[in-house]
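3D, please:
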Amino acid sequence: MIGDKIHELRSIHRLSQTELAKALHVSQQVITKWENNKSEPSSSAVNDLASYFNVSSDYLLGRTSSKLPEKDLSPNQKLIAYSIDPDTSDEERDAIIEMVKAAKKFRRRI
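Here you go, the predicted model:
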(Lines give C-alpha, C1' and ligand atoms only; values in the text may rest on other atoms or scores of the structure.)
Protein backbone atom coordinates (compact mmCIF):
# COMPACT_ATOMS: atom_id res chain seq x y z
CA MET A 1 0.00 0.00 0.00
CA ILE A 2 1.10 3.55 -0.63
CA GLY A 3 1.26 4.37 3.07
CA ASP A 4 3.86 1.65 3.57
CA LYS A 5 5.97 3.07 0.74
CA ILE A 6 5.75 6.59 2.17
CA HIS A 7 6.77 5.35 5.61
CA GLU A 8 9.64 3.32 4.13
CA LEU A 9 10.98 6.25 2.12
CA ARG A 10 10.61 8.66 5.02
CA SER A 11 12.52 6.26 7.26
CA ILE A 12 15.28 5.72 4.69
CA HIS A 13 15.72 9.49 4.43
CA ARG A 14 15.59 9.82 8.22
CA LEU A 15 12.78 12.34 8.15
CA SER A 16 10.16 12.91 10.76
CA GLN A 17 6.54 13.14 9.71
CA THR A 18 6.68 16.83 10.57
CA GLU A 19 9.70 17.42 8.32
CA LEU A 20 8.06 15.63 5.41
CA ALA A 21 4.82 17.50 6.01
CA LYS A 22 6.62 20.84 5.86
CA ALA A 23 8.42 19.87 2.65
CA LEU A 24 5.13 18.89 1.01
CA HIS A 25 3.10 21.76 2.50
CA VAL A 26 0.64 19.48 4.27
CA SER A 27 -0.03 18.85 7.95
CA GLN A 28 1.70 16.18 10.00
CA GLN A 29 -1.71 14.61 10.56
CA VAL A 30 -2.08 14.12 6.80
CA ILE A 31 1.23 12.25 6.68
CA THR A 32 0.07 10.08 9.59
CA LYS A 33 -3.19 9.23 7.78
CA TRP A 34 -1.31 8.36 4.60
CA GLU A 35 1.19 6.15 6.42
CA ASN A 36 -1.58 4.38 8.37
CA ASN A 37 -3.50 3.87 5.11
CA LYS A 38 -6.48 5.77 6.53
CA SER A 39 -6.45 8.10 3.53
CA GLU A 40 -4.65 8.26 0.22
CA PRO A 41 -2.73 11.17 -1.22
CA SER A 42 -4.23 13.02 -4.17
CA SER A 43 -2.63 12.56 -7.56
CA SER A 44 -0.78 15.86 -7.16
CA ALA A 45 0.47 14.75 -3.73
CA VAL A 46 1.67 11.46 -5.24
CA ASN A 47 3.59 13.48 -7.83
CA ASP A 48 5.04 15.70 -5.10
CA LEU A 49 6.09 12.64 -3.07
CA ALA A 50 7.67 11.02 -6.12
CA SER A 51 9.60 14.18 -6.93
CA TYR A 52 10.66 14.71 -3.34
CA PHE A 53 11.98 11.15 -2.93
CA ASN A 54 13.17 10.87 -6.55
CA VAL A 55 11.13 7.73 -7.20
CA SER A 56 8.49 6.96 -9.77
CA SER A 57 4.85 7.46 -8.95
CA ASP A 58 4.35 3.88 -10.17
CA TYR A 59 6.66 2.73 -7.38
CA LEU A 60 4.62 4.63 -4.79
CA LEU A 61 1.40 3.17 -6.16
CA GLY A 62 2.80 -0.37 -6.12
CA ARG A 63 2.75 -0.78 -9.89
CA THR A 64 6.48 -1.47 -10.11
CA SER A 65 9.24 -2.51 -7.76
CA SER A 66 11.71 -0.16 -9.43
CA LYS A 67 12.21 3.05 -7.51
CA LEU A 68 13.78 4.78 -10.49
CA PRO A 69 11.58 7.08 -12.53
CA GLU A 70 11.39 6.29 -16.23
CA LYS A 71 13.66 8.46 -18.31
CA ASP A 72 12.96 9.46 -21.87
CA LEU A 73 15.21 8.21 -24.61
CA SER A 74 18.12 10.42 -25.53
CA PRO A 75 18.05 12.04 -28.97
CA ASN A 76 20.69 9.54 -30.14
CA GLN A 77 18.61 6.57 -28.95
CA LYS A 78 15.55 7.92 -30.76
CA LEU A 79 17.61 8.47 -33.90
CA ILE A 80 18.82 4.86 -33.78
CA ALA A 81 15.31 3.54 -33.20
CA TYR A 82 13.88 5.53 -36.10
CA SER A 83 16.74 4.95 -38.54
CA ILE A 84 16.94 1.17 -38.36
CA ASP A 85 14.63 0.91 -41.36
CA PRO A 86 13.00 3.95 -42.93
CA ASP A 87 10.07 1.81 -44.15
CA THR A 88 8.99 0.68 -40.67
CA SER A 89 5.49 1.49 -39.53
CA ASP A 90 4.70 3.64 -36.51
CA GLU A 91 3.82 0.48 -34.56
CA GLU A 92 7.18 -1.08 -35.43
CA ARG A 93 9.01 2.09 -34.42
CA ASP A 94 7.15 2.12 -31.09
CA ALA A 95 8.19 -1.50 -30.55
CA ILE A 96 11.81 -0.59 -31.29
CA ILE A 97 11.65 2.26 -28.78
CA GLU A 98 10.23 -0.13 -26.16
CA MET A 99 13.11 -2.55 -26.84
CA VAL A 100 15.63 0.25 -26.36
CA LYS A 101 13.95 1.20 -23.07
CA ALA A 102 14.08 -2.44 -21.93
CA ALA A 103 17.77 -2.60 -22.83
CA LYS A 104 18.38 0.57 -20.76
CA LYS A 105 16.66 -1.00 -17.75
CA PHE A 106 18.69 -4.20 -18.13
CA ARG A 107 21.92 -2.21 -18.37
CA ARG A 108 21.13 -0.42 -15.06
CA ARG A 109 20.75 -3.77 -13.26
CA ILE A 110 24.18 -5.07 -14.26
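
any idea which helix or strand comes after the helix or strand of the chain with the lowest mean pLDDT?
Taking mean pLDDT, DSSP states H and E as the measure, helix 75-83 is the helix or strand of the chain with the lowest mean score, a mean of 65. Per DSSP states H and E, the first helix or strand lying C-terminal to helix 75-83 is helix 90-109.

what residues sit buried inside that following helix?
Ile96, Ile97, Lys101 (16 or more other C-beta atoms under 10 Å). In this view, the C-beta of every residue, glycine as well, is placed from N, C-alpha and C.

which one of the residues you listed is nearest Met1?
The nearest member of those to Met1, counting by C-beta to C-beta, is Lys101 at 27.6 Å.

how much space separates the closest one from Ala95?
Look at Lys101 and Ala95: by C-beta to C-beta, to the nearest Å, they are 11 Å apart.

same deal with Ala50?
Applying C-beta to C-beta, the value for Ala50 to Ala95 is 27 Å.

what ranges of this structure fall below the confidence cut-off?
Low-confidence segments of the chain, defined by pLDDT under 70, span residues 65-88, 107-110.
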